[in-house]
Structures are given as C-alpha cells and as structure tokens.
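Novice: I'll drop the sequence and a predicted model, then ask my questions.
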Amino acid sequence: MRVGARNLITDVKGLLVGNAGDDRLKSGTTVLLGEKPFTAAVSVMGGAPGTRETDMLAPDKLVTEIDALVLSGGSAFGLDAASGVVDGLRATGRGFVVDKAVIPLVSAAILFDLLNGGDKDWQENPYRDLGRQALENAGEDFSLGTAGAGVGALTGSLKGGLGSASVVLESGHTVGALVAVNAFGAVAQEEGHFWAAPWEVAGEFGGCGIAPMADPLMQPVSFKMQGFNAKGNTTIAIVATDAALDKAQAHRMATAAQDGMARAIMPSHTPVDGDLIFAAATGALPLKDMVAEPLMLGHAAALCLSRAIARGVYLATPSVGDVLPTWGQKHG
C-alpha cells in the first residue's frame, strides 16, 4: 500500500469535493460529486442518525447509481443542504431522466452542531445556499480541518473538523475517506496522542506516536461529559474507491470501514451519535479476484477512515467564540 498523490478522497479519479462554511454560523456543508453517476451504499451504526434519501441505497432498491453525497452540519436543518445540491445539479441537466423530468439523486447525512457557540438566530434556513455553494466549489483539491461540514464540529474534548486520507493498493485500486468528525467520544488521549496513531503515515497528524495505555475503561472520564456536547453529536463519513462494485459490495465496504471509526474514536457508535458511513464506487477498475480484492478494499477503507478522523481534528484551526480548544492549541 502507498498513500495517494493528494492523500485525499479525490485521489479516487472521477470524484470531486466542495466545501462551504459560515464562520459566524459556525457550521458548513461538504459535497462529494461524481463526474458521472456512481454506485453508493450506506452503513449506520450510531443511535441518533439524521439522513435524506438513504433508503434508495439499499441493494434491493431500484436506483443503481447516484450523483452526489452530502455531509452537513445543522442537524435536521442541515438536510436542506441537499436541496441546494439538487438545484445546482438540475440546472446543469444532471440527474435521473424520467420522460421530460430530470431528477438529481443525492443522499445526505447531518451532524449536530447547534450548540457550538455560533450564531443560530437566523430566520431562513441557510443550508440550502451552503449546499449550492459547496457544489459550485467542487474540485480535486479542498481544505481540511475547520472547513465545510467540519466548521462547527466538536469532539468530546477537542474541536473537531473535516478529514480525508487515501491509499493505493497493490491491485491498483485506490481507496479514500472523507469524514466530518463531531464525536461524543475522544479522538486523542489526554496527552495528545491520537487513538489512530498505529495507522499514521509519514507524520500526517503530528507523528506523536502511541501513548502508554493506562486503564482503557477510565479513558472516557476525560471527556468531562460537557452538557452541550452530550445532547447531540455524530461522525459522518464517506469511503470511496475506483473499483467496480455493486451496491451489496459497496455496503460491505462501508460496514468494514466502521472498524476504522471504532479504532479512532473512543467510544464510538454511541446512543447519542448518529455515526454513519457512505460508500462510493466509481467502477473504473474491475475486480479480478471477487474475494481477496473486496476484502482488501474494506480493510483499506477502515485504515483510511481512522487516519482521516485524526487528520480532521489535527488540522482544525481556532475561531472566535470556540467552546473547545483545537488539538494545536492544547498539544501543539
């Protein structure tokens, strides 16, 4: 395995990512766009998810490919970011054609960032516009940390953020991950060492290494159970590949990637998190081995997601009115 050229999910050729954020609102949206429709699936393991158009991703449903995936802040309000993406895609003629109707197919998931110190006293939902802006900003290069859906993200003890990572397998397939880290749990130990440290590549999140383990059952005490953060959280992610997968195979890759979330966040998949992972497959490279290669795709997706989670927190930057410090402020 080796890291992709950008160490971003857009190392998967044919995928673009766009961010839009509002520093005053302390929230934002991130869009993953396919240059052409792609296969998608979803795995939900958190207890409090918020989603739009995810039923159609099930293997037994009619739709085989979609146009875009949306990760957004804003809780239920943030689901409207997908409406802005749908508007933008329709304006370009992109979507599922039914006679004279063109229907862009967009699935979305949200995280809870309504109590993070931002100005939420708006009268008109801002997320539709943020979704449209994120779509218009889509490209191969994009910002991490306090960007897009990570603008207002928090973890149990540090400011959260938007992360990404990639890997190229010996089979030639590329795998990437994109994640908005807003977990109830902790991504780093009290000393600043990331739980994802065993999978770090070339100091991509500080090179701090692995901290000596004390009592793992006592680690959650360090979250301090902030009242504002225990009311709503969620880490939402996308893992992607250029392999040719059907929806069932994509779902298996998303399920395997949940291990990457569990390795990087302690605890993860809690009743107050809506932890969710989309999978996207562009289909550019066929599978040669129908057992070994899907196995490696799932393993790589988990590794990439662990790394992306740590990168999102590591790269977060301070903003006016923050209620938690960044990793850099506390440990840099």
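Specialist: Nice, I can see it.
Novice: which regions of this structure sit below the pLDDT cut-off?
Specialist: Low-confidence segments of the chain (pLDDT under 70): 213-232.
Novice: can you do 90?
Specialist: 1, 156-157, 189-191, 210-233, 272, 332 (pLDDT under 90).
Novice: quick one, helices of it?
Specialist: Using DSSP state H, the helices of the chain run over residues 75-78, 81-91, 127-136, 227-230, 247-264, 292-314, 327-331.
Novice: Dump those helices to JSON lines, plus distance to E35 and mean neighbour count.
Specialist: All C-beta spots, glycine's among them, are computed from the backbone N, C-alpha and C. What follows is these, written out as JSON lines (distance: least, C-beta to C-beta, whole Å; neighbours: other C-beta atoms under 10 Å):
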{"stretch": "helix 75-78", "distance to E35": "25", "mean neighbour count": "20"}
{"stretch": "helix 81-91", "distance to E35": "12", "mean neighbour count": "23"}
{"stretch": "helix 127-136", "distance to E35": "13", "mean neighbour count": "25"}
{"stretch": "helix 227-230", "distance to E35": "37", "mean neighbour count": "14"}
{"stretch": "helix 247-264", "distance to E35": "18", "mean neighbour count": "23"}
{"stretch": "helix 292-314", "distance to E35": "21", "mean neighbour count": "26"}
{"stretch": "helix 327-331", "distance to E35": "34", "mean neighbour count": "18"}
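Novice: Return the residues in contact with P286.
Specialist: 243-244 (C-beta atoms under 8 Å, 6 or more residues apart in numbering).
Novice: now the strands for the stretch 1-150 of the chain?
Specialist: For the stretch 1-150 of the chain, applying DSSP state E, counting those that start in this stretch gives strands covering 15-22, 27-44, 51-52, 66-72, 96-98, 101-103, 106-110.
Novice: Dump the helices of the chain to a markdown table, plus distance to P198.
Specialist: A markdown table is the format used below for those (distance: least, C-beta to C-beta, whole Å):
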| stretch | distance to P198 |
| --- | --- |
| helix 75-78 | 33 |
| helix 81-91 | 34 |
| helix 127-136 | 33 |
| helix 227-230 | 26 |
| helix 247-264 | 8 |
| helix 292-314 | 8 |
| helix 327-331 | 18 |
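Novice: export the strands of the stretch 1-150 of the chain to TSV and tack on distance to G118 and mean neighbour count?
Specialist: Formatted as TSV, these follow (distance: least, C-beta to C-beta, whole Å; neighbours: other C-beta under 10 Å):
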stretch	distance to G118	mean neighbour count
strand 15-22	8	24
strand 27-44	6	25
strand 51-52	22	20
strand 66-72	14	29
strand 96-98	35	11
strand 101-103	33	13
strand 106-110	15	28
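Novice: quick one: G50 and D113 touch, right?
Specialist: No: using C-beta atoms under 8 Å, G50 makes no contact with D113, being 11.6 Å away.
Novice: so what's in contact with these two at the same time?
Specialist: By C-beta under 8 Å, 6+ apart, the residues touching both G50 and D113 are S75.
Novice: which of those two has more neighbours?
Specialist: D113 (30 against 22; other C-beta atoms under 10 Å).
Novice: Apart from its neighbours in sequence, what residue is nearest that one?
Specialist: G152 (3.6 Å; C-beta to C-beta, 6 or more residues apart in numbering).
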